[in-house]
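J.: pasting the sequence and the predicted model now:
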Amino acid sequence: MAGSSRSKPKSGSAKTKRSAWDHIKRTLSHRSLITAEALLLVGVADRLGRLWIMHEPHLPAYAKVLLMMALTIGIFGGLILILQRMTTASLSKTHEVVRALPLPTPMVVVHAAAFAGLFFLYAWALGLLEKLL
């Protein structure tokens, strides 16, 4: 029975490295990156919507509360699906363009450019763009 005992894989084993690599690949997958980009767009829309509602002088307090509640439901409900579809469509067109380029360009570069654009969009929405430039 001594020969039938199993040993646990060491932390540096191929199985552990493979599962860590699989986790990284899943995290950086095209679908995960599109979802993250859509969530960031939803965040900007939420921020701008809340600013508009709170600074609208003609709205009574109850209307502001109701609009904030509706914004939250709409933003995190249907709008995320719409933005994800729009992002998927635009990125698939970008993917086709990238494939047509004579130089090999990994999709990670395209997503990095999208995240950089979202960074500047957030800076603008927060009023910090001038401080960054």
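T.: Nice, I can see it.
J.: alpha carbons only for contacts and neighbour counts from here, please
T.: Fine.
J.: which residue ranges form the helices in the protein?
T.: Defined through DSSP state H, the helices belonging to the chain, from first to last, are 14-27, 30-54, 61-74, 80-100, 107-125, 129-132.
J.: quick one: those as TSV, columns for mean pLDDT and mean neighbour count too.
T.: Converted to TSV, those look like this (pLDDT from 0 to 100; neighbours: other Cα atoms under 10 Å):
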stretch	mean pLDDT	mean neighbour count
helix 14-27	64	12
helix 30-54	82	17
helix 61-74	81	14
helix 80-100	73	15
helix 107-125	83	15
helix 129-132	84	10
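J.: from E96, how far off is the residue sitting nearest the centre point of the chain?
T.: Central residue of the chain (Cα atoms, centre = their mean): A36, 1.4 Å from the mean position. Distance of A36 to E96, given as Cα to Cα, to the nearest Å: 21 Å.
J.: circling back to that earlier point, how far away is the residue nearest to the centre of the chain from R99?
T.: A36 is 23 Å from R99, where distance means Cα to Cα.
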